[in-house]
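Enquirer: Following is a predicted model, sequence given first.
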Amino acid sequence: MRQATHRLSLQTRGKGLTEFTSPVLAWVDAQGMDTGLLTLWCAHTSASLAVTENASPEVLEDIAEAFERLVPEDRGQPGGQRYIHALEGPDDMPSHIRTLLTGPQLTIPLIEGQVALGTWQGLFLFEHRTRPHRRQVVLHLIGE
Amino acid sequence: MRQATHRLSLQTRGKGLTEFTSPVLAWVDAQGMDTGLLTLWCAHTSASLAVTENASPEVLEDIAEAFERLVPEDRGQPGGQRYIHALEGPDDMPSHIRTLLTGPQLTIPLIEGQVALGTWQGLFLFEHRTRPHRRQVVLHLIGE
Amino acid sequence: MRQATHRLSLQTRGKGLTEFTSPVLAWVDAQGMDTGLLTLWCAHTSASLAVTENASPEVLEDIAEAFERLVPEDRGQPGGQRYIHALEGPDDMPSHIRTLLTGPQLTIPLIEGQVALGTWQGLFLFEHRTRPHRRQVVLHLIGE
């Protein structure tokens, strides 16, 4: 049994989902393990990890839009959200709350040399800040 | 230290929560480990995993209903959700978004031969599509 | 490769987020591992785990308030939530649903002796019941 670790640095373009399945699978392949457990950790409080359909850009747009409705920015609208903490702008608190709802971590089994993603499952970084950011995702693999 | 893997195939009856604690615990028991880490992975983008109270069917009904309100289907209602992607019907996008909110994965410690579920915690597959589906959940256990 | 386990008992003050990063990191340090995988499991269906900003108490207030809006208590308000299951009061069902939305588990890589938390990431227990509770969080570490 052995372990391997890696740090991925991903550039986002502001709010929305960026797929990064390929670099993750490439790194796992390079470790040459047959059976194991892959963990991804997003080291931020305003960006998160998501698994969703990797086939249609429309799905990604609809998801981003749904999160705007689910956890609205505070823009002074009647009946709108009210946040005490808005130091970094109206996207500050919503980005923390959306991160909580989707989560910083994924752990996926590796079986017969393949990460157990389903046919339509892609790995995405979900940026919740309006402006582009560089984000760090830590990878950990244990197995043999 | 060793690993074991398994694929569970679960039939759902359409939208709602199906408990599958028993087959998971039975498989873990059969591996004869004392200490370890159990991971469950749901290989879909329109069904997810959930841990909730295993005692009352009413709790399951209330959860399903709450998700209908939280991420509504697009039925053309005024002020309702609007999805670009609706290829497979009004439950298509809501099922992806509800999957994101609950997640595809659980990792649970095994201590003294017991999975560390609390007294009231059951393992559930959360089907988000209206029609019944057959779903695959991958199990991975590492320990000794 | 070896494993260690521990049970943390945490007292909450009712609804809200309680940070417990310090006792977790102290326990991990005491295991003397360099590389590994840390798993936290919250053994309840009305309290959950969350990772969020550890710098501002306002962020914690805003998060708690956002969950009140996202999954409201049933107080008979027009257009409000309606729950079948309310045995233990109006906070009963919302606490189960909020637990589902945030989740019972976190798994974090350990690299060069450090848990891979980002600069601003703290570990929090998210109590969803109105009254204070004593909560159990199981820790599991595998590595070397």
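Expert: Structure received.
Enquirer: Point me to the residue sitting closest to the centre of chain A.
Expert: Most central residue of chain A, judged by C-alpha distance to the mean C-alpha position with C-alpha atoms, centre = their mean, is A:L49 at 1.9 Å.
Enquirer: that's a strand at that one, yeah?
Expert: Yes - the assignment for A:L49 is a strand, going by DSSP: H, G, I helix; E, B strand; the rest coil.
Enquirer: and it, what is it in contact with?
Expert: If a contact means C-beta atoms under 8 Å, 6 or more residues apart in numbering or on different chains, then A:L49 has A:L40, A:C42, A:T102, A:G103, A:P104, A:Q105, A:L106, A:L123, A:F124, A:L125, A:F126, A:V137 as its contacts. Glycine gets a C-beta too; all of them are placed from N, C-alpha and C.
Enquirer: If we check chain C, which of these are in contact?
Expert: Of the entries in the contacts of A:L49, the ones placed beside chain C under the rule of C-beta under 8 Å from any C-beta of the partner chain are A:G103, A:P104, A:Q105.
Enquirer: Now the buried members of those residues.
Expert: A residue is treated as buried here by neighbour count (16 or more other C-beta atoms under 10 Å in any protein chain shown); on that basis the buried members of these are A:G103, A:P104, A:Q105.
Enquirer: Closest approach to chain C from chain A, which residue is it?
Expert: Closest to chain C within chain A is A:A43: 3.2 Å, counting by C-beta to the nearest C-beta.
Enquirer: so how many other residues sit close to that residue?
Expert: Counted with other C-beta atoms under 10 Å in any protein chain shown, residues neighbouring A:A43 total 20.
Enquirer: surely it meets C:A116?
Expert: Yes - because the distance of 6.3 Å satisfies C-beta atoms under 8 Å, A:A43 is recorded as touching C:A116.
Enquirer: Give me the distance from stretch A:38-53 to the chain's centre.
Expert: What separates the centre of stretch A:38-53 from the centre of its chain is 3 Å, taken as C-alpha atoms, centre = their mean, to the nearest Å.
Enquirer: Look at A:G89 and report its pLDDT.
Expert: In this prediction, A:G89 carries a pLDDT score of 89.
Enquirer: And the pLDDT at A:Q81?
Expert: Value listed for A:Q81 in the pLDDT field: 64.
Enquirer: now do the one 4 residues further on
Expert: If you check A:H85, the pLDDT there is 89.
Enquirer: hang on, it packs against A:D92?
Expert: Yes - under the criterion of C-beta under 8 Å, A:H85 lies in contact with A:D92, with a separation of 6.4 Å.
Enquirer: ok, these two, which is more surrounded?
Expert: Comparing A:H85 with A:D92 by other C-beta under 10 Å, the one with more neighbours is A:D92, at 21 against 17.
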